[in-house]
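Colleague: coords below, sequence missing:
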């Protein structure tokens, strides 16, 4: 039995920031750094032209010097606001109200809060108090697809129920001038803020991706490739020199899972241009099939677990033919791969 994903709805931060503005900020704050030239090269080559933050670039919790408590509280507050707006939009698109939701699966990794996004949304959206909930709090960039996988599992267990999936990240909280490595500069230019939501159900609520199978894979020996780190100054995102190779090292598992099944379209997490192209190559697809991913990266940046939902939302604007087989693939710290396989329902 296929499980259906309603058209996602995403909400971006309200402050658009260009890559040149970020380059100027880095030049001003690190003018005497011996690797400033290298910083400028990686910022210029990241594939992102614009991105949106929830707060202005020069606010205390972005390029300023706010402490860890102020940063993480602001990140969660802003993520919750974005999540509420995305969820309401997704429910409206699916023709549903809060009373129709039987379960909620959330993904959020950039602002510490207990209770987390799931419980807050029950109150914000007016969901029933008996709604079941799953909160994914460390999946990061793979979180949106992981949440869809968990939602599909719930629907397969209770086919009459509808599951709301919400991912929200305020990655601008990691924009921190205390970190002055090459990797930190890449993430300053790469990351952005957004939320996305969709409804998963056993019967189609609209056209979209119908899911028949899923994959969750953790690359052995890869725990330190990508990781979050907290100190007194805020949250940082670190990676090793081996990190960029992790997606390619995970491709054999993706290929084995597909087992020769055809893929005519793909929703690929836009973590980097190379990540997009390597995944497309593995799926047997060319640049024409990755336009929605590359445009998302260029115009919106890497918005963490929301990214795949954003790419799927763009896919609805120029959808594949009815019945076309396709896959949805995302990667995150761990190093993890989350994927869905199915067809386009119209």
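Modeller: Great, that's in hand. On a predicted model such as this, the values are computed, not experimentally measured, just so you know.
Colleague: please make it C-alpha for all contacts and neighbour counts, starting now.
Modeller: Will do.
Colleague: okay, now the unreliable bits of the stretch 201-346 of the chain?
Modeller: Across the stretch 201-346 of the chain, not a single residue meets the criterion (pLDDT under 70).
Colleague: tell me the SS of residue 52?
Modeller: strand (DSSP: H, G, I helix; E, B strand; the rest coil).
Colleague: that one and residue 17 touch, don't they?
Modeller: Yes: assessed by CA atoms under 8 Å, residue 52 is found in contact with residue 17 at 5.9 Å.
Colleague: those two: who's more crowded?
Modeller: residue 52 (25 against 18; other CA atoms under 10 Å).
Colleague: can you show me the helices along the stretch 101-250 of the chain?
Modeller: 117-125, 143-157, 182-190, 246-258 (DSSP state H, counting those that start in this stretch).
Colleague: among these, which comes closest to residue 62?
Modeller: helix 182-190 (9.7 Å; CA to CA).
Colleague: so what's residue 49 up against?
Modeller: By CA atoms under 8 Å, 6 or more residues apart in numbering, residue 49 lies in contact with 18-19, 298-299, 301.
Colleague: quick one on the thing from earlier: pick the most deeply packed of the helices of the stretch 101-250 of the chain.
Modeller: When these are scored by mean count of other CA atoms under 10 Å, the highest mean neighbour count falls to helix 143-157 (a mean of 24).
Colleague: for that one, packing partners?
Modeller: With contacts taken as 3 or more CA pairs under 8 Å, 6 or more residues apart in numbering; DSSP states H and E, helix 143-157 sits against strand 3-5, strand 103-107, strand 163-170, strand 193-201, strand 208-218, helix 307-315, strand 325-332, strand 336-345.
Colleague: can I get these in JSON lines with mean neighbour count and distance to residue 143?
Modeller: Listed next are the helices and strands packed on helix 143-157 as JSON lines, based on neighbours: other CA atoms under 10 Å; distance: least, CA to CA, whole Å:
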{"stretch": "strand 3-5", "mean neighbour count": "26", "distance to residue 143": "16"}
{"stretch": "strand 103-107", "mean neighbour count": "28", "distance to residue 143": "5"}
{"stretch": "strand 163-170", "mean neighbour count": "32", "distance to residue 143": "7"}
{"stretch": "strand 193-201", "mean neighbour count": "31", "distance to residue 143": "11"}
{"stretch": "strand 208-218", "mean neighbour count": "21", "distance to residue 143": "11"}
{"stretch": "helix 307-315", "mean neighbour count": "26", "distance to residue 143": "9"}
{"stretch": "strand 325-332", "mean neighbour count": "25", "distance to residue 143": "8"}
{"stretch": "strand 336-345", "mean neighbour count": "24", "distance to residue 143": "8"}
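Colleague: distance to residue 185 for these - can I get that in CSV?
Modeller: Converted to CSV, the helices and strands packed on helix 143-157 look like this (distance: least, CA to CA, whole Å):
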stretch, distance to residue 185
strand 3-5, 36
strand 103-107, 25
strand 163-170, 17
strand 193-201, 17
strand 208-218, 27
helix 307-315, 20
strand 325-332, 19
strand 336-345, 23
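Colleague: and those: which comes nearest residue 79?
Modeller: strand 163-170 (5.4 Å).
Colleague: quick check: longest helix of this protein.
Modeller: helix 68-93 (DSSP state H).
Colleague: nearest to residue 149, out of the helices and strands packed on helix 143-157?
Modeller: strand 208-218 (6.4 Å).
Colleague: coming back round to it: among the helices and strands packed on helix 143-157, which comes closest to residue 281?
Modeller: strand 325-332 (12.8 Å).
Colleague: gap between that closest one and the chain center?
Modeller: 12 Å (CA atoms, centre = their mean, to the nearest Å).
Colleague: now do that strand and strand 336-345, the angle between them.
Modeller: 160 degrees (axes from the mean of the first three to the mean of the last three CA atoms, to 10 degrees).
Colleague: gap between the nearest residue to residue 263 once chain neighbours are set aside and residue 44?
Modeller: Closest residue in space to residue 263, ignoring its immediate chain neighbours: residue 326 at 4.7 Å, by CA to CA, 6 or more residues apart in numbering. The gap separating residue 326 from residue 44 is 32 Å, by CA to CA, to the nearest Å.
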